[in-house]
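> output the structure for:
(chains A and B)
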Amino acid sequence: EDKVVQSPLSLVVHEGDTVTLNCSYEVTNFRSLLWYKQEKKAPTFLFMLTSSGIEKKSGRLSSILDKKELFSILNITATQTGDSAVYLCAVDNAGNNRKLIWGLGTSLAVNP
Amino acid sequence: GAVVSQHPSWVICKSGTSVKIECRSLDFQATTMFWYRQFPKQSLMLMATSNEGSKATYEQGVEKDKFLINHASLTLSTLTVTSAHPEDSSFYICSATGGDQETQYFGPGTRLLVL
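Below you'll find the predicted structure:
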């Protein structure tokens, strides 16, 4: 059965800290891995990763994929209170309709 | 990125009534739309996948007669919660993909409270 596992489930840090969020997956036909940020509303798209070893970067956020070891990490440097959110990882398993397989998310709280 | 809208943002209704939620792709043609439900502090749960012009594919455990989905055009899908009950209170989110879009883009969600 296809699955996506995120860790940790929850994380509390101080402003300025760097955090690393993990996402591992087991899917039959991998197409891409996606990261989303969800605050008190619907998820917003962060990154889509399809190739191993190529870092995607947006400001203080970056992400990389390892297709051999079947995982991805999302890094946030110099965290701010506005980074507090649930970070969701999802995998597109190349099936019909581009249905995504979702992890449970990592809840990040950044304290001032 | 692509823009997806949902209407309404919030709805409060009495038990037994039906509620319709609209999902629109504003700047691309959405060949596929997805409907999710999310309870507090839980992850997204896919309810159904709908392709324009065909019947929706429901996930296991989701009652298709209770959650009616219509995807009549490339920019609009609707979810109707029929005879809503308090246990249907949740955050309903749609997403859309299609054309050149490589991933799903989410609408802002609709919070439903059934009294």
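> and for B:Pro108, the neighbour number?
For B:Pro108, the neighbour count with other CB atoms under 10 Å in any protein chain shown is 14. Yep, even glycine has a C-beta here, placed from its N, CA and C like the rest.
> equivalent analysis for A:Ser72, please.
So A:Ser72, with other CB under 10 Å, has 26 neighbours.
> so who does it touch?
By CB atoms under 8 Å, 6 or more residues apart in numbering or on different chains, the contact list for A:Ser72 reads A:Asn22, A:Cys23, A:Tyr25, A:Leu33, A:Trp35, A:Leu49, A:Ser63, A:Ile64, A:Leu65, A:Asp66, A:Cys89.
> repeat that with 7 Å
A:Cys23, A:Leu33, A:Leu49, A:Ser63, A:Ile64, A:Leu65, A:Cys89 (CB atoms under 7 Å, 6 or more residues apart in numbering or on different chains).
> excluding its backbone neighbours, what's nearest residue 70?
In the absence of a named chain, this looks at chain A. A:Tyr25 (5.4 Å; CB to CB, 6 or more residues apart in numbering or on different chains).
> look at chain B instead
B:Asn70 sits nearest to B:Thr78 (CB to CB, 6+ apart), 4.9 Å away.
> pull up the pairing partners for the helix or strand harbouring that neighbour, direction included.
Assigned by DSSP states H and E, B:Thr78 falls within strand B:76-81. Strand B:76-81 has its sheet partners listed here by DSSP bridges as strand B:19-25 (antiparallel), strand B:67-73 (antiparallel).
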